[in-house]
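K.L.:
Have a look at this prediction, sequence included:
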Amino acid sequence: MNNEFLIWSQAYREGFCVIDKLQGFKEQWLLQKGVALAEKWPDNVTFSMTPRYPKDIKLSDGLFGSSYRVISNRVKDLLAALAAASNIEFLPVSILNHKGRVASTDYFILNPLDVVDCIDQDKSGIVWNPIDPSIISSVEKFVLRDDAIPKGSAIFRPNFMQRTILTKREVAAKLLAADLTGVFFTEASTYTG
């Protein structure tokens, strides 16, 4: 079992905005497939702060609420340096406040392009999606095959669970040491989702 990677996750923090409603990009399903989108990415893609949390308005380095990893410019710059060899895109987005006004233009969707067939299907206790059998719905235990992960991979998506983003422990530790807000990681070995 590979203990070298963590799952990039998110968590709600009181006072910090919760986002929803990605607008301005029609092919949203491509954002979770490891598809290069930078060349066709529109200039006006936005996320709105959800009205369900009207008092939560502070912007963090990792925004909660979307199925995508939405990160600040600060995180982008750190990742560009820490994971320079990784095949990742940073797709620019603006964040709209509760009144629909631009709160910030310094955010990006983290889009790892490498999809690695690295899940140990025998040891993970996989439940396949009944509607789309090319997607894993859940695992009893998330087990990676060490030999399947290319040397030097720092950020990538596991095949069959492409919504999940795996991050090398060393990169995650350096991000956390930078005192970022809203950036969280989960041990892959404890993940059962």
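P.N.:
Nice, thanks for sending it over. Numbering: from 1, shown residues only.
K.L.:
what's the spacing between the spatially most central residue of the chain and Ile165?
P.N.:
In the chain, the C-alpha closest to the average C-alpha coordinate belongs to Arg69, at a distance of 3.3 Å (Cα atoms, centre = their mean). Using Cβ to Cβ, to the nearest Å, one gets 6 Å for the distance from Arg69 to Ile165. Where you see a C-beta, it was placed from the backbone N, CA and C, and this is true even at glycine.
K.L.:
Then Ile109?
P.N.:
Counting by Cβ to Cβ, the gap from Ile109 to Ile165 is 11 Å.
K.L.:
list residues touching both of those two?
P.N.:
Shared contacts of Ile109 and Ile165, defined by Cβ atoms under 8 Å, 6 or more residues apart in numbering, are found at Arg69.
K.L.:
confidence score at Arg163?
P.N.:
With respect to pLDDT, Arg163 scores 89.
K.L.:
Quick one: residues contacting it.
P.N.:
Shown here is Arg163, whose contacts under the criterion Cβ under 8 Å, 6+ apart are Gln32, Ser67, Arg157.
K.L.:
If we use 10 Å, what do you get?
P.N.:
Remark: with contacts taken as Cβ atoms under 10 Å, 6 or more residues apart in numbering, Arg163 is in contact with Leu31, Gln32, Lys33, Ser67, Tyr68, Arg69, Ile135, Ile136, Arg157, Gly193.
K.L.:
Assumed it was part of a helix.
P.N.:
No - counting by DSSP: H, G, I helix; E, B strand; the rest coil, Arg163 falls outside a helix, being coil.
K.L.:
Which stretches in the protein count as helices?
P.N.:
In the chain, the helices defined using DSSP state H lie at 73-82, 121-124, 169-177.
K.L.:
Could you tell me the least trusted of those?
P.N.:
When the helices of the chain are ranked by mean pLDDT, helix 121-124 comes last with a mean of 91.
K.L.:
tell me what that helix is packed against?
P.N.:
Taking 3 or more Cβ pairs under 10 Å, 6 or more residues apart in numbering; DSSP states H and E as the contact definition, the neighbouring helices and strands of helix 121-124 are strand 136-139.
K.L.:
what's the spacing between the strand it packs on and its chain's center?
P.N.:
Here strand 136-139 is found 17 Å from its chain centre; the criterion is Cα atoms, centre = their mean, to the nearest Å.
K.L.:
Can you list the buried residues in that strand?
P.N.:
Neighbour-count burial for strand 136-139 flags Ile136, Val139 (criterion: 16 or more other Cβ atoms under 10 Å).
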